[in-house]
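Participant: sequence and predicted model, in that order:
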Amino acid sequence: MTAIDENKAIARQFFALVAEHKVEELCEMVSPNWTMHGGPPKLSPGADGIRELFATFGQIEQKWTIEDLIAEGDKVVVRATNTCLQESFLGVPAHGKQQIFTATFIHQIVNGKIVETWRNADDLGRLLQLGARIGLSS
């Protein structure tokens with residue numbers, strides 16, 4: 001297996017563990033200085049950041065479907081669709097409302113560990129699915 005194939009397998013495993021809410025197994029996948037861009041602000045580095053990230057989710061059931069997986073060098077790009085049920089999202093009540101949104105992640109993987117993650121997700125679309133409204137002044 002090539003290094004690129006190994007990195008793709010790591011990225012797939014990351015999403016499987018996220019969907020299963022296996023926080024400690026995810027902590028083992030990241031480097032001690034792991035950072036995430038495009039997620040909650042001020043996450044601690046490494047495993048503590050993973051734990052803090054999951055603490056923001058609350059009760060959640062989710063399924064990630066990987067649409068595209070592209071790798072080059074030490075980076076893997078994942079375009080995925082998430083289908084989830086969650087109590088709330090960014091303060092908007094969501095109990096019983098299914099949300100479907102797309103997201104793109106770029107993982108930098110070095111020596112079998114994720115060292116950095118960039119996230120870009122359709123959070124606005126997700127909020128609108130929950131009934132949030134954007135106030136426009138006239």
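Facilitator: Nice, thanks for sending it over. Not measured: the values here are computed from a predicted model.
Participant: neighbours of L17, just the number please.
Facilitator: Neighbourhood size, L17 [other C-beta atoms under 10 Å]: 18. C-beta: built from backbone N, CA, C; applies to glycine.
Participant: that one against E25, yeah?
Facilitator: Yes: using C-beta atoms under 8 Å, L17 is in contact with E25, at 5.1 Å.
Participant: could you report the neighbour count for G135?
Facilitator: Neighbours of G135 (other C-beta under 10 Å): 4.
Participant: what's the answer for T2, then?
Facilitator: The burial count assigned to T2 is 8, neighbours taken as other C-beta under 10 Å.
Participant: now the element after the longest helix anywhere in the chain, going C-ward?
Facilitator: As assigned by DSSP state H, the longest helix anywhere in the chain is helix 3-19. Using DSSP states H and E, the next helix or strand after helix 3-19 towards the C-terminus is helix 23-29.
Participant: which parts of that next one are buried?
Facilitator: By 16 or more other C-beta atoms under 10 Å, the buried positions in helix 23-29 come out as 23, 26-27, 29.
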